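**Student:** quick one, structure for this:
(2 chains)
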Amino acid sequence: MKQFSVKTIVAIGIGAALFFVLGRFVAIPSPVPNTNISIQYGLLAFIAAIFGPLAGVLIGLIGHALIDFSYGWGIWWSWVVASAIFGGFVGIWFKKLSLYDGVFGKKQIILFNLYQIIGHIIAWGIVAPLLDILIYAEPANKVFTQGLVAGAANIVTTAVIGSILCIAYAAAKPKRDSLAKE
Amino acid sequence: MTNIFNYIDRQSPVHRLTGATKLICLIFWTFAAMSSYDTRFLALLAVLSVFLFTLSRLRLRDVSFMIGFTVVFMLLNNILIFVFSPEHGVAIYGTRHVLFTIVGRYIVTREQLFFHLNLILKYFATIPFVLLFVSTTNPSEFAASLNRVGVNYKIAYAVALALRYIPDIQHEYRDISLSLQARGVELSRKESVIKRLKSAATVLIPLILSSLDRIEIISNAMELRSFGKHKKRTWYMGYPFTRSDFLAIIISLLLLLGSVFLTVVNKGRFYNPFL
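**Tutor:** Just a heads-up that it's a prediction; the model follows:
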């Protein structure tokens, strides 16, 4: 399997470290008191779009589990799995996004945001609440509201941060076939 | 800052167990606590984990910071559940004993209070154990234990890399953010949320680009050393099992089986004292 190259493994490690640092220490205070905006999903979508679904799943899984560990409230499996699924979903389309080739125009921006919105809806609107009900037997309307709020916030942050990161990355990378034979 | 996972090096029976044992016990234990809603069983787990906590010679002061987070999280969660679904306990236990009315549909029932008691007990059954795991397991040993438990060593190595580079990236993030703030990028509450997100992205761009370089360098170094050539790998921090390791695993396995057994006996996950 080409996916499991040394580079992917290192990308998973560093990506999870980035995810952890952003999720744990970089808190952007939101208008709602006691809630912080989590910007790590923009990063997760970006890295998944470069390195593919395996990297996306594992960065979500490892990064989120480490964050939960460091707070000491136990691993909230339902939300950890949702993070992993979001990373994996965006990663599936990495070939289509062709970010690795340094191309990121209007078409790719639209596609990227389409995938991340669908990914967030699946992760926070369906997977996380269902697992919450299944594992922790919590009331349905509570977990669906929580998931919806979290999902909406994540969609906005991913749209802003993920897109900016993709554009900056593509600009910094030499384009494929950028050398012309004279 | 260097010790984000709060590892505390002391001499105790819990510290002497191998990381793999503690990880296996943690998995069994959290699954047992997760699957059962039997009050008696959760109380037993809670008492046991507090006992283990004292056995490990950790002091409450060592983990007070993490406990603070957890208590806030637990309270918020309980309040949210009551706000959204004050009749959740009634739906689960099938009876209705009204205690008093707060306002409108917020009627306090014994079933609801009992459900909240179970929820809180669940926290007390798992959290001391997780704290115990985090505080007594050396992070470097953690990756070796993952591999021992059966996780592919490449993934275990990715975890080891993450743990190794978290402090570096944290440092780098702080440097970049401070230098950008010195140049006038506003990250505080004074700006609107969207503006703040955009300035966060300005900080992230150099961080990400340098991290991508880092990925390149590390993977080249690993490839030069033929990483991934063999099916197995040894770990500097991997220790052999001793008798107490087996004992700990057997006890936690019994607890997990007990939880499954109770689910069968109670005909469901809940223990119902109202019938």
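**Student:** what segments of the chain are strands?
**Tutor:** Using chain A here. Counting by DSSP state E, chain A has strands at residues A:28-29, A:36-37.
**Student:** that answer is for a different chain, and I need it for chain B
**Tutor:** B:98-103, B:106-109.
**Student:** would you turn those strands into CSV with mean neighbour count?
**Tutor:** Every residue, glycine included, has its C-beta placed from N, CA and C. As requested, these are exported to CSV (neighbours: other Cβ atoms under 10 Å in any protein chain shown):
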stretch, mean neighbour count
strand B:98-103, 9
strand B:106-109, 16
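**Student:** list the contacts of the residue in the stretch 101-250 of chain B positioned nearest to chain A.
**Tutor:** Using Cβ to the nearest Cβ, the closest approach of the stretch 101-250 of chain B to chain A is made by residue B:161 at 2.7 Å. By Cβ atoms under 8 Å, 6 or more residues apart in numbering or on different chains, the residues touching residue B:161 are A:9, A:10, A:12, A:13, A:14, A:16, A:17, B:218.
**Student:** in TSV: the strands of chain B, plus mean pLDDT and distance to chain A.
**Tutor:** Output for these, formatted as TSV (pLDDT from 0 to 100; distance: least, Cβ to the nearest Cβ, whole Å):
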stretch	mean pLDDT	distance to chain A
strand B:98-103	82	17
strand B:106-109	85	14
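**Student:** for the stretch 101-250 of chain B, give me the ranges with low pLDDT.
**Tutor:** Scanning the stretch 101-250 of chain B for pLDDT under 70 picks out the ranges B:189.
**Student:** circling back: worst mean pLDDT among the strands of chain A?
**Tutor:** The stretch with the lowest mean pLDDT among these is strand A:28-29, at a mean of 63.
**Student:** dihedrals phi and psi, the residue in chain B sticking out farthest from the centre?
**Tutor:** Within chain B, residue B:183 marks the point farthest from the mean C-alpha position, 38.2 Å out by Cα atoms, centre = their mean. Backbone torsions for residue B:183, taken as degrees, to the nearest 10, come to phi -90, psi 10.
**Student:** roughly how far is stretch A:58-69 from the heart of the chain?
**Tutor:** Centre-to-centre, stretch A:58-69 and its host chain are 12 Å apart (Cα atoms, centre = their mean, to the nearest Å).
**Student:** C-alpha coordinates for that stretch, PDB please?
**Tutor:** Backbone C-alpha positions of stretch A:58-69 (Å, rounded to 0.1, in the frame of the first residue of the first chain) are rendered in PDB as follows:
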ATOM      1  CA  LEU A  58      -5.300   8.900  12.300                       C
ATOM      2  CA  ILE A  59      -4.500  12.600  13.000                       C
ATOM      3  CA  GLY A  60      -8.100  13.100  14.100                       C
ATOM      4  CA  LEU A  61      -8.000  10.000  16.300                       C
ATOM      5  CA  ILE A  62      -4.500  10.500  17.900                       C
ATOM      6  CA  GLY A  63      -4.700  14.300  18.200                       C
ATOM      7  CA  HIS A  64      -8.200  14.400  19.700                       C
ATOM      8  CA  ALA A  65      -7.400  11.400  22.100                       C
ATOM      9  CA  LEU A  66      -4.300  13.200  23.300                       C
ATOM     10  CA  ILE A  67      -6.200  16.400  23.900                       C
ATOM     11  CA  ASP A  68      -8.800  14.400  26.000                       C
ATOM     12  CA  PHE A  69      -6.000  12.700  27.900                       C
END
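**Student:** tell me which residue lies nearest the centroid of chain A.
**Tutor:** residue A:44 (3.0 Å).
**Student:** find the nearest non-adjacent residue to it, please.
**Tutor:** Leaving out its chain neighbours, the residue that sits closest to residue A:44 by Cβ to Cβ, 6 or more residues apart in numbering or on different chains is residue A:87, at 5.0 Å.
**Student:** before we move on, what about residue A:118?
**Tutor:** Distances taken as Cβ to Cβ, 6+ apart place residue A:89 nearest to residue A:118, at 7.0 Å, with adjacent residues excluded.
**Student:** can you pull the contacts of that neighbour?
**Tutor:** Residue A:89 sits next to A:53, A:56, A:115, A:118, A:119, A:122, A:123 when contact means Cβ under 8 Å, 6+ apart.
**Student:** check the gap between it and residue A:115 for me.
**Tutor:** 7 Å (Cβ to Cβ, to the nearest Å).
**Student:** got the domain ranges for chain B?
**Tutor:** B:13-138+B:238-265, B:151-224 (automatic domain parsing).
**Student:** to residue A:24, which of the ones you listed lies closest?
**Tutor:** domain B:151-224 (8.6 Å; Cβ to Cβ).
**Student:** and for residue 8, the neighbour number?
**Tutor:** Picking chain A for this. Other residues lying near residue A:8 total 22 when counted by other Cβ atoms under 10 Å in any protein chain shown.
**Student:** I was thinking of chain B, sorry if that wasn't clear
**Tutor:** 16.
**Student:** from residue B:191, how far off is the residue farthest from the centre of chain B?
**Tutor:** For residue B:183 relative to residue B:191 (Cβ to Cβ), the value is 15 Å.
**Student:** try residue B:53
**Tutor:** 44 Å.
**Student:** looking at these two, which is more packed in?
**Tutor:** Taking neighbours as other Cβ under 10 Å, residue B:53 and residue B:191 compare with residue B:53 leading, 21 against 15.
**Student:** now the contacts of residue A:89 as a markdown table including distance to residue B:213 and pLDDT?
**Tutor:** Formatted as a markdown table, the contacts of residue A:89 follow (distance: Cβ to Cβ, whole Å; pLDDT from 0 to 100):
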| residue | distance to residue B:213 | pLDDT |
| --- | --- | --- |
| A:53 | 24 | 90 |
| A:56 | 21 | 92 |
| A:115 | 26 | 90 |
| A:118 | 31 | 91 |
| A:119 | 27 | 91 |
| A:122 | 33 | 90 |
| A:123 | 30 | 90 |
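**Student:** ok, residue B:249 touching residue B:27?
**Tutor:** No. In this structure residue B:249 lies outside contact range of residue B:27 using Cβ atoms under 8 Å: 10.4 Å.
**Student:** the two: who's more crowded?
**Tutor:** Neighbour count, other Cβ under 10 Å: between residue B:249 and residue B:27, residue B:249 has more, with 18 against 14.
**Student:** find the nearest non-adjacent residue to the more buried one, please.
**Tutor:** Nearest non-adjacent residue to residue B:249, counting by Cβ to Cβ, 6+ apart: residue B:24, 5.5 Å away.
**Student:** since that was my last question, I'll sign off now.
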